[in-house]
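**Student:** missing the sequence, but the structure's below:
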C-alpha cells in the first residue's frame, strides 16, 4: 500500500482538519491487553487515587497512537510514516461515565523535504490542555 496523498499536491501550511477521538475505559482495557501494560492506574479509580492522580489515565503510548491516527488516516497508508515522536505534557484522564475523554488532534505541514518527505506538526488536546508537545511525523508521499 502507498500513501494516497501526492507530494506535489501538498504545500507548507496544508492543514489536516481536526479529528475528535473518544477514549473510554474499555479502550484502556483493550490497550492494556495488547500492550501488556496492566498498571492499575489505567483502569482502577482506587489505584489512581492511591497514586495521587486526579483519575484513571490513558496509557501515554495509546495517546501517542491516537494522535498518529490523524496522519495515518490522511495518508491512507501507515507504512508511509518514516518517523514519529512526541513529548508527553499532560495526562488524558478517562472518567468512568460511559463518555470517557475526547482527544482532539489537528495537523499542519511544517516543511517539505527531498525524496517526497513531508514533516507534519500535530496539536493534541484533551479538555483544552495540550497532552502532547513536539508531536511531529515525517511521512513519505507518493
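**Tutor:** Looks like it arrived, so ask away. Note that the structure is a prediction, hence the values are computed from the model and not measured.
**Student:** so how far is residue 101 from residue 140?
**Tutor:** 32 Å (C-beta to C-beta, to the nearest Å). Just so you know, the C-beta spots here come from the backbone N, C-alpha and C atoms, and that holds for glycine as well.
**Student:** More neighbours: which of the two?
**Tutor:** residue 101 (25 against 18; other C-beta atoms under 10 Å).
**Student:** for the more buried one, which residues make a bridge with it?
**Tutor:** Beta bridges link residue 101 to residue 23, judged by DSSP bridges.
**Student:** And residue 136, by the same measure?
**Tutor:** Residues found in beta-bridge contact with residue 136 (criterion: DSSP bridges) are residue 85, residue 121.
**Student:** Please tell me I have it right and it contacts residue 108.
**Tutor:** No - proximity of residue 136 to residue 108 does not meet the contact threshold set by C-beta atoms under 8 Å, at 10.6 Å.
**Student:** quick one, strands of the protein?
**Tutor:** Read by DSSP state E, the chain holds these strands, from start to end of the chain: 15-23, 81-88, 101-112, 117-126, 129-140.
**Student:** The fourth one: which residues count as buried?
**Tutor:** Of the residues in strand 117-126, those with enough neighbours to count as buried (16 or more other C-beta atoms under 10 Å) are 117-120, 122-126.
**Student:** Same check on the shortest one?
**Tutor:** Residues of strand 81-88 classed as buried: 81, 84, 86 (neighbour count, 16+ other C-beta under 10 Å).
**Student:** you'd agree the first one is up against residue 67?
**Tutor:** Read that as residue 81. No - at 11.7 Å, residue 81 does not count as touching residue 67 under the criterion of C-beta under 8 Å.
**Student:** one step back: just the closest of the buried residues of strand 117-126 to residue 55, please.
**Tutor:** Taking C-beta to C-beta as the measure, residue 55 lies nearest residue 126 of the buried residues of strand 117-126, at 11.8 Å.
**Student:** Contacts only, for that closest one.
**Tutor:** By C-beta atoms under 8 Å, 6 or more residues apart in numbering, residue 126 lies in contact with 90, 92-93, 101-104.
**Student:** Ok, residue 70 next?
**Tutor:** Taking C-beta under 8 Å, 6+ apart as the definition, contacts of residue 70 comprise 16, 19, 105-107, 122.
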